[in-house]
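Q: Take a look and give me a structure for this.
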Amino acid sequence: MEDTLSPLREDVRLLGAILGDVLKHQEGQAVYELVERVRLLSKAARNGDSKADDDLNAIFRNLPTEDAHRVARAFAHFLALANIAEQHHRIRRRRSYEQTGGCAPQRASLDETFARLIAGGVSPQQLHHTVTSLDIGLVLTAHPTQAQRRTIIQKYGRIAGLLKIRDQETKAPNVVRTKLERVITESWGTDEVRRRKPTPEDEVRNGLAWFEQVLWDAVPAHLRALDRALKTHAGRALPLESSPICFGSWMGGDRDGNPNVTPETTRRAILLARWQAAALYLREIEVLREELSINKASEELLGRVGPVWEPYREALRPLKAQFEATLEYCEQALSDRSTVAGPEVLFDPSRVKAPLELCRRSLLACGYDVIAEGRLEDLLRRVTVFGLTLVELDLRQEADRHTEALDFLCRTAGLGDYRQWDEDRRQAFLIEHLQQGTPLVGIEYWRDSDGRAPESVAQVLGAFAVAAHQGQGALGAYVISMASQPSDVLAVELLQSEARKFFADGASGPPMRVVPLFETLADLEGIEGAVEKLLAVPWVVNRLREVHGGRLEIMLGYSDSAKDAGRLAASWALYKAQEAVVAAGRRAGIQVTLFHGRGGTVGRGGGPTHAAILSQPPGSVDHTIRVTEQGEMIAAKFGLPELAGRNLELYVTAVTESSLRTEGQSTAAWRGVMDRLAEHSTRAYRNVVRHDPRFVPYFRTATPETELARLNIGSRPARRPSAVPLEEQGIETLRAIPWIFAWTQIRLMLPSWLGLGEALQAVNDGDDRLTLEIMAREWPFFSTFLDLIEMVLAKTLPDIAAHYDALLVPPELRDMGTELRDRLGQTRSEVLGLRQRNAPLIDNPVLSRSIDVRNPYVDPINRLQAEFLRRLRTAPEEHGEFERLRAALLTTINGVAAGMRNTG
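A: Here you go, the predicted model:
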């Protein structure tokens with residue numbers, strides 16, 4: 001039997017050996033020997049050697065900070081290199097599937113899924129219609145705990161490229177090894193610590209870099225594969241105008257709780273995206289003109305360009321000039337807000353498509369099919385997917401900020417105190433003014449050059465003003481957090497309508513979709529009534545039908561609901577919320593698109609893409625879905641072209657299958673058990689997190705939560721604004737991402753499992769044991785949930801969490817840590833007992849082995865992190881040691897994140 005992991009082990013050994021050589025050369029033999037000693041002791045300690053454990057603690061306790069930092073860096077770099085090797089091995093295995101004739105296709109690939117669906121009774125026509133009707137929106141977000149610098153990520157990409165070359169060029173391995181040594185040396189010599197916090201614009205630029213470096217080529221390659229698969233299994237091609245996947249972004253648009261995102265930030269984010277798109281298109285047009293030197297053309301084309309020698313080049317010459325003008329406009333507008341776009345500047349994608357389609361028709365008419373179906377076809381597909389800005393930028397803001405803005409406008413116009421009105425009066429007022437053309441106030445209140453509006457109001461009005469004059473495809477949804485009433489949606493509709501009266505022009509795109517966000521447990525439990533009330537407003541339904549194709553978009557928040565009630569209760573509430581929203585839309589004759597605000601971790605709704613989509617309620621994924629791709633996971637999913645292609649494929653196959661299947665329905669008995677599980681788990685979770693007075697002080701001392709806000713990690717504050725002193729605040733002011741980040745760092749992963757063990761025990765002790773076992777086997781929702789919990793349990797290490805307690809937690813709080821670890825043990829016992837297993841992940845041996853192999857390399861980083869935290873909390877801030885410890889702490893955060901494969 002073939003040992004498929006052998007090439008991976010060889011790559012890891014090679015990269016580890018090179019890193020060892022770099023350590024010797026750059027840091028000296030003594031540091032290398034120290035790292036080796038720590039590695040061997042860590043392996044022994046992980047295998048139960050108590051003396052090795054004591055020796056490690058003694059070494060770290062007495063090690064100077066600079067030397068300890070070097071050790072942490074060495075292990076962090078090794079884990080990053082191991083990650084690169086694992087990513088490359090996944091690509092290698094995928095390539096093997098594609099190249100080995102006669103082998104079964106890769107699971108969840110286009111060929112495997114389409115063949116299985118056809119064999120299961122789906123007609124070729126039905127398959128083709130489903131795939132060409134897909135509307136999958138992947139929305140990239142920045143990440144408040146993004147741990148790695150962009151420059152380091154780029155170097156890791158070069159290492160991955162060299163591993164690929166090494167597979168292909170076996171005759172000169174030493175040449176590749178030398179290049180690997182060079183890049184790994186560069187990485188070692190590069191400071192992974194940011195010297196300043198990234199700005200929102202930094203995050204925008206980082207996000208756009210993924211399009212330039214990966215997605216620009218990965219998307220047309222994926223669409224070519226999809227076209228081939230449809231021809232094979234459905235007998236028809238993928239139409240050029242079909243765009244199963246498109247991209248959105250929150251970078252530069254998400255102002256909810258981030259005062260650093262201003263109207264100017266949003267304006268510049270859109271300009272940067274337009275500039276990047278124009279630069280990429282211009283490059284393609286120039287190459288395409290080089291290729292299309294053909295002089296035979298159709299009468300249609302010759303009628304447009306005249307009797308010229310090279311008609312295709314001539315046909316594309318104006319387009320080249322227009323992209324050059326667009327680039328120049330963007331560059332000027334980035335430095336001068338008063339810059340006016342000339343007629344040559346491109347805002348409408350149809351102006352790009354027209355000459356490209358003309359050339360394609362001519363090539364096909366003249367028998368040059370092979371040329372028409374090459375670079376030109378790829379470019380047309382890019383225009384369909386990327387438009388002229390690569391992404392549609394979403395805006396997000398809290399509902400109360402819109403209430404404040406309307407209150408200001410109403411009082412300014414002498415119309416009353418909007419904030420004091422009840423819901424009926426607000427709705428009547430909003431609908432009345434949405435139906436009339438007269439502005440509430442003059443333009444001077446929107447421009448606010450003399451400071452008439454409070455700063456918070458000016459920021460809201462300014463964002464709508466910026467949005468009003470953006471071109472087609474630049475903007476996507478306006479997401480309202482903390483939305484609870486129809487007036488919250490109508491308020492945004494009125495504000496954007498008012499802004500468009502002053503700032504829209506002929507180049508402006510359509511109004512933004514207005515999307516309410518439901519994110520707490522109470523929000524999710526009340527979502528059906530809220531959506532029914534919204535769709536009972538005739539103006540809203542008419543708007544959806546006339547402007548948005550009869551679709552309502554609803555966003556579901558995974559992070560805050562889990563922080564509020566625990567992962568189990570949140571998962572069940574989200575499941576029922578999806579069913580309720582889709583049913584409410586169906587009753588009103590409106591199709592609902594669900595926007596899933598998932599994170600990268602299980603505690604925030606993350607997990608394998610394919611399984612997550614297939615575990616949604618039947619009927620909730622009806623050809624359409626939107627999903628956030630969190631900053632931490634963008635590199636993991638889309639950091640290399642082959643990885644991007646595989647993840648795009650997984651989205652397409654999962655949404656296709658989910659749209660066509662009918663099985664997976666729950667029974668009344670299953671739902672009753674889930675209701676009881678959710679009730680028990682919520683009570684157990686909140687008893688700890690909300691009601692135990694020891695919990696918050698324990699959390700702040702046992703984890704690096706307090707230090708997070710002081711690290712240069714993300715542009716968004718880690719906490720929501722509060723008038724309450726920090727020491728008196730609970731977890732409600734802490735954002736969900738750093739909440740999970742902190743528990744992940746100490747290997748306890750508490751938000752993912754707390755409350756589950758108690759709930760399973762309570763239900764198991766009753767009459768529901770057999771029902772639970774059937775649910776675990778037969779219900780995709782519940783079995784997928786348990787799969788994710790098993791993965792979390794495999795990554796938890798109670799002994800590491802206990803080590804943090806020993807170094808950082810006051811004696812009077814240590815019982816709290818002991819109790820939490822006991823609860824973890826109970827959860828592990830209940831989950832494994834339900835699934836009749838003696839260890840997690842027995843059906844996923846590759847992942848299980850990966851975790852086991854990594855642990856001895858992550859353990860020293862955890863131990864050092866605890867030591868750095870101990871020293872940092874007693875070091876004077878003005879002392880040089882304080883900054884050295886902060887830098888060392890961030891290195892350990894990088895290292896643990898690399899070992900765990902996620903941050904928050």
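Q: Same question for residue 594, what's its three-state structure.
A: What DSSP: H, G, I helix; E, B strand; the rest coil gives for residue 594 is strand.
Q: pretty sure it contacts residue 626?
A: Yes. Here residue 594 reaches residue 626: they are 7.3 Å apart, a contact under C-beta atoms under 8 Å. Backbone N, C-alpha and C define where each C-beta goes, glycine included.
Q: Mutual contacts of those two, please.
A: 553, 555 (C-beta atoms under 8 Å, 6 or more residues apart in numbering).
Q: And the lowest mean pLDDT element among the helices and strands of the protein?
A: helix 631-638 (a mean of 81; mean pLDDT, DSSP states H and E).
Q: Next secondary structure element downstream of that helix?
A: Per DSSP states H and E, helix 631-638 leads on to helix 641-660 as the next helix or strand towards the C-terminus.
Q: Show the pLDDT at the residue lying farthest from the centre of the chain.
A: Going by C-alpha atoms, centre = their mean, the residue of the chain most distant from its centre is residue 307, 51.4 Å out. pLDDT, residue 307: 91.
Q: Give me the phi and psi angles of it.
A: Dihedral angles of residue 307 (phi, psi; degrees, to the nearest 10) stand at phi -80, psi 70.
Q: For residue 91, list the residues it contacts.
A: Under the criterion of C-beta under 8 Å, 6+ apart, the neighbours of residue 91 are 164, 640, 642, 643, 646.
Q: between those, which is nearest residue 576?
A: For those, the residue nearest residue 576 by C-beta to C-beta is residue 646; the value is 31.8 Å.
Q: what's the neighbour count on that closest one?
A: 21 (other C-beta atoms under 10 Å).
Q: distance of it from residue 9?
A: 22 Å (C-beta to C-beta, to the nearest Å).
Q: ok, now residue 269?
A: 44 Å.
Q: more neighbours, those two?
A: With neighbours defined as other C-beta under 10 Å, residue 269 and residue 9 compare such that residue 269 has more, 28 against 13.
Q: List the residues that contact the closest residue to residue 16 other than its chain neighbours.
A: What sits nearest to residue 16 in space, not counting adjacent residues and going by C-beta to C-beta, 6 or more residues apart in numbering, is residue 78, at 6.0 Å. Going by C-beta under 8 Å, 6+ apart, residue 78 touches 15, 16, 19, 857.
Q: now with 10 Å?
A: For residue 78, the contacting residues are 12, 15-16, 19-20, 23, 35, 39, 854, 857, 861, 895, 898-899, by C-beta atoms under 10 Å, 6 or more residues apart in numbering.
Q: how long is stretch 584-593 from one end to the other?
A: Taking C-alpha to C-alpha, to the nearest Å, stretch 584-593 runs 12 Å from one end to the other.
Q: and it, average pLDDT?
A: 97.
Q: re the thing from before, what residues sit buried inside the helix or strand in which the residue nearest to residue 16 is found?
A: Assessed by DSSP H and E, residue 78 sits inside helix 65-99. Buried positions in helix 65-99, judged by neighbour count with 16 or more other C-beta atoms under 10 Å: 65, 68-89, 91-92, 94.
Q: in the stretch 301-450 of the chain, which spans are helices?
A: In the stretch 301-450 of the chain, the helices defined using DSSP state H, counting those that start in this stretch lie at 311-335, 350-365, 369-371, 377-386, 399-412, 423-434, 443-447.
Q: okay, now the domains of this structure?
A: The record's domain split for the chain, according to automatic domain parsing, is 1-103+150-192, 267-386, 398-611, 668-857.
Q: Dump those domains to TSV, plus distance to residue 218.
A: Output for these, formatted as TSV (distance: least, C-beta to C-beta, whole Å):
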stretch	distance to residue 218
domain 1-103+150-192	12
domain 267-386	11
domain 398-611	15
domain 668-857	25
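Q: And the strands in the stretch 101-250 of the chain, which stretches?
A: Ranges of strands in the stretch 101-250 of the chain, per DSSP state E, counting those that start in this stretch, are 135-140, 245-249.
Q: can you tell which of those is closest to residue 765?
A: Closest approach to residue 765 among these is made by strand 135-140 (42.8 Å; C-beta to C-beta).
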